[in-house]
Each structure stands twice: as structure tokens, then as C-alpha cells.
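Chemist: okay, structure incoming, though there's no sequence with it:
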């Protein structure tokens, strides 16, 4: 862990947490605990700007991020609680596209 500004909320923290958006190639963003928790467990609370920022890190800065990509973004995670959130978020996205 390292100190610095959270790359989402820009608040100064002594201990930032590394959030991996991609493992091969490794692409990481440093977040405060509050933002890191929100990314994994409350993805529906992320703003469009935040989702686009995370997608830019995931795909690299040369890729254009569309509004559709940002709207359907679900953060990575392998823990059972994260998998459950991903499943719930996917269902909510499907419902919202049908309406």
C-alpha cells in the first residue's frame, strides 16, 4: 500500500488500495478503501465518468469508450460476494435495456 490521492474521489489517503482492472497486461489504479469497496460491491452507484475512467484503464488509453460500454460496465472480482453482485447487476442491465 502507498499514500497519495485516490484516483476517483481525489481525497488524500495514507493507505491506497490497488484495484486491478486487468491482469494481463497488468493495469492497476490506486483507490481509497471507500471507492475500492464501491467499485466492487456497489457498481450501480458509480458515475458514468468513473466507469469510463475504469474502462480506459482496463482497455488502455488508445481505445474510445462508448456510452454503451460505460453503462454496462461491471468491475472484475472472483470472490463469491463479488460474483453475486455481478449477477445482480447484469440482471438490472438487462431489465433496463428491455424497457
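Modeler: Everything's here; your move. Source: prediction; values computed, not measured.

Chemist: which residues does residue 72 contact?
Modeler: When contacts are counted by C-beta atoms under 8 Å, 6 or more residues apart in numbering, residue 72 is found next to residue 93. Heads up, the C-betas are built off the backbone N, CA and C, glycines and all.

Chemist: what distance do you get for it to residue 37?
Modeler: Between residue 72 and residue 37 the distance is 21 Å, computed by C-beta to C-beta, to the nearest Å.

Chemist: then residue 6?
Modeler: For residue 6, the distance to residue 37 under the criterion C-beta to C-beta works out to 12 Å.

Chemist: pLDDT weak spots in the protein?
Modeler: 1, 77-78, 98-99 (pLDDT under 70).

Chemist: name the residues that touch the longest strand seen in it?
Modeler: Criterion DSSP state E: the longest strand present in the chain is strand 12-23. With C-beta under 8 Å, 6+ apart as the contact definition, strand 12-23 has outside contacts at 1-6, 26-33, 36, 39, 54, 57-58, 75-76.

Chemist: how about the helices of the protein, start to end?
Modeler: Listed in chain order, the helices found in the chain under DSSP state H are 33-41, 48-59, 67-71, 80-98.

Chemist: before we move on, back to that, between residue 6 and residue 37, which has more neighbouring residues?
Modeler: When residue 6 and residue 37 are compared for neighbours, residue 6 comes out ahead with 19 against 12, by other C-beta atoms under 10 Å.

Chemist: if I look at the residue lying closest to that one once chain neighbours are set aside, how far off is residue 63?
Modeler: By the measure of C-beta to C-beta, 6 or more residues apart in numbering, the closest residue to residue 6 outside its immediate chain neighbours is residue 32, 4.0 Å from it. Taken as C-beta to C-beta, the spacing of residue 32 relative to residue 63 amounts to 26 Å.
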